[in-house]
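Undergrad: Requesting a structural model of the entry that follows:
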Amino acid sequence: MNATMYPVFLRGIIDASLLIGHPLMVRLIAILALVAGLVPHGVAQPYPAKPIRLIIPFVPGGAVDITARTIAPGLAEELGANIVVENRVGAGGTIGADLVAKSAPDGYTLMLGSNSTLSVAPSLFPKNPYDPIRDFAPISLIAATPFVLVVRASLDAHSLDAVIALAKAKPGQLTMGSGGTGSSNHLVGELFQMLTRTSITHIPYKGTGQAGVDLLAGQIDLLFDQLASSANNIRSGKVRAIGVAAKTRSAANPDVPTMAEAGLANFEVTNIIGILAPARTPADIIEKINAATRTVLARTVVKERFSGIGVEPSPSSPAAFSAYIKEDLAKWTKVVKEAAIKVE
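TA: Residues are numbered from 1 along each chain as shown. Model (predicted):
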C-alpha cells in the first residue's frame, strides 16, 4: 500500500506524522492506515441494515392484514431484519398506498397492495394521489382468492342459467349487495351484468361484511364475494354458491363449478395481494425481497395458514406482477367507464 490509497484526510495526517517522527504517532497512523485499507471509503452498508416497514392500507383483521402478519416473521428471518407491520388506513386504501408511493426508494418502506389499491381506486378516482404503474416497483404476487357468486338459500335459482333467466325475466328486481359503490365486488357485479346483458339492482353497504349478513338473512338476493369470505357459509348451506370466477375449481370448495363450467366463459376475477416498493427502488433490492418472498411462501406453515383463510400462495416475478397490474387496471377502467360508475 502507499499513501495515495488512503482517504485525503488520512494522507495529511500520515505526511505530518512522518515529519514529526514520533514513534507513538507513527504507530497510530499505521493502525488508521490499515483500517482505511480494509474498509473502502464511502461504501454503503449491505441491505437491509435497519428495520423494514410493511405498510398495510387496510384495517387489522382483514385478508391483507392477515396475509402480512402470516409472512412477516418468515421475511424477517430470510432478510435478516425486523419487519414492522403498520396499518395506515383510510380512503379505501389510498392513504397507505400514497404514503408508500412517496417514500424513499431504499427498500425500507414496502406495501401489501391488492386490487382495491392497484386497480379499483385508480380507475374510480380521477384525482387519485398516485399512479399504480408509475409510482410502484412490483416485487411479487403473494396470494390470490377468486370471487364467487353466492345467492340467498331461498332463491329459486340453483344454477347460473337459472340466475340469468330470473334476472332477465324480472329486470331490476333482483338485488345485488356490495361493500359500497365502487368496491371491488360492486365492479365484479357490473362486469357480470355486462357479459350476461342483465339488469340487477345494486345495494351498496358500508363493507362487504354487512352485505353478507343481509344475504344470510334473505334481505338481498345475491352477492359477488371473495371465496375466502364465503367458504364456510357455502359449506354449511347458509348460502348457495352458483359459480367461482376462476380457471379451476377451489380446493376449499371443490363442489362449486367454475363460471366457465356453469356456462359463462371469460369471467375470471381474482382478488390478489402482492408486495411492492416505491418506484426506482434498486433492482438488486427488489430481487432480494422477491427471493425471500418465494422462500417464505413455500413454507408448510404459511401454506396451511393461507389454506385456512381460503387463499392460494401465488409467488411471481416482478415482471409478471407488473403485467398483472397493467391488465387489471385496464379491465376495471373499462368497467367503470361503461357502467358510468361515479363515486363522490
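Undergrad: Need the nearest residue in space to residue 120, chain neighbours excluded.
TA: Of all residues not flanking residue 120 in the chain, residue 184 sits nearest, at 5.3 Å (CB to CB, 6 or more residues apart in numbering). Any C-beta I mention is one placed from the backbone N, CA and C, and that applies to glycine too.
Undergrad: That neighbour against residue 115, yeah?
TA: Yes: if you go by CB atoms under 8 Å, residue 184 and residue 115 touch, sitting 5.5 Å apart.
Undergrad: joint contacts of those two?
TA: Residues within reach of residue 184 and of residue 115 at once, by CB atoms under 8 Å, 6 or more residues apart in numbering, are residue 271.
Undergrad: Compute the distance between the residue nearest to residue 120 and residue 298, please.
TA: For residue 184, the distance to residue 298 equals 28 Å [CB to CB, to the nearest Å].
Undergrad: In terms of neighbours, single out the busier of these two.
TA: residue 184 (24 against 12; other CB atoms under 10 Å).
Undergrad: Please, where are all the strands along the protein?
TA: Listed in chain order, the strands found in the chain under DSSP state E are 52-56, 83-87, 109-114, 136-152, 175-178, 201-204, 222-226, 239-244, 270-278, 312-313.
Undergrad: per-stretch mean pLDDT over those strands, give me the minimum one.
TA: Lowest mean pLDDT within the strands of the chain: strand 312-313, at a mean of 89.
Undergrad: what packs against that strand?
TA: Applying 3 or more CB pairs under 8 Å, 6 or more residues apart in numbering; DSSP states H and E, one finds that strand 312-313 makes contact with strand 136-152, helix 300-308.
Undergrad: ok, now with 10 Å
TA: With contacts defined as 3 or more CB pairs under 10 Å, 6 or more residues apart in numbering; DSSP states H and E, strand 312-313 has these neighbours: strand 136-152, helix 283-297, helix 300-308.
Undergrad: Redo these as JSON lines? Include distance to residue 103.
TA: Below are those laid out as JSON lines (distance: least, CB to CB, whole Å):
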{"stretch": "strand 136-152", "distance to residue 103": "11"}
{"stretch": "helix 283-297", "distance to residue 103": "13"}
{"stretch": "helix 300-308", "distance to residue 103": "26"}
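Undergrad: wait, which of the ones you listed is closest to residue 222?
TA: Residue 222 lies closest to strand 136-152 among those, at 4.5 Å (CB to CB).
Undergrad: Quick check: residue 58 touching residue 89?
TA: Yes: between residue 58 and residue 89 there is a contact under CB atoms under 10 Å: 6.0 Å.
Undergrad: of those two, who's got more company?
TA: residue 58 (21 against 15).
Undergrad: for the more buried one, what are its contacts?
TA: 64-65, 68, 87-90, 92-93, 96, 112, 114, 116-117 (CB atoms under 10 Å, 6 or more residues apart in numbering).
Undergrad: on that earlier part again, quick one: closest of the strands of the chain to residue 286.
TA: strand 136-152 (5.6 Å).
Undergrad: The closest one: partners in the sheet, and parallel or antiparallel?
TA: Here strand 136-152 has these sheet partners by DSSP bridges: strand 222-226 (antiparallel), strand 239-244 (antiparallel), strand 270-278 (antiparallel), strand 312-313 (antiparallel).
Undergrad: tilt between it and helix 283-297?
TA: Strand 136-152 and helix 283-297 are oriented at 30 degrees to each other (axes from the mean of the first three to the mean of the last three CA atoms, to 10 degrees).
Undergrad: Okay, and which of the contacts of residue 58 map to helices?
TA: Mapping these onto helices (DSSP state H) picks out 64, 65, 68, 96.
Undergrad: mind giving me the domain split of the chain?
TA: Recorded structural domains for the chain (assignment: automatic domain parsing) are 3-38, 52-143+271-338, 146-262.
Undergrad: Can you add distance to residue 45 and give those domains back as JSON lines?
TA: Formatted as JSON lines, the domains of the chain follow (distance: least, CB to CB, whole Å):
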{"stretch": "domain 3-38", "distance to residue 45": "15"}
{"stretch": "domain 52-143+271-338", "distance to residue 45": "11"}
{"stretch": "domain 146-262", "distance to residue 45": "40"}
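Undergrad: Just give me the lowest mean pLDDT stretch among those.
TA: Mean pLDDT is lowest for domain 3-38 out of the domains of the chain, coming in at a mean of 48.
Undergrad: Good, wrapping up.
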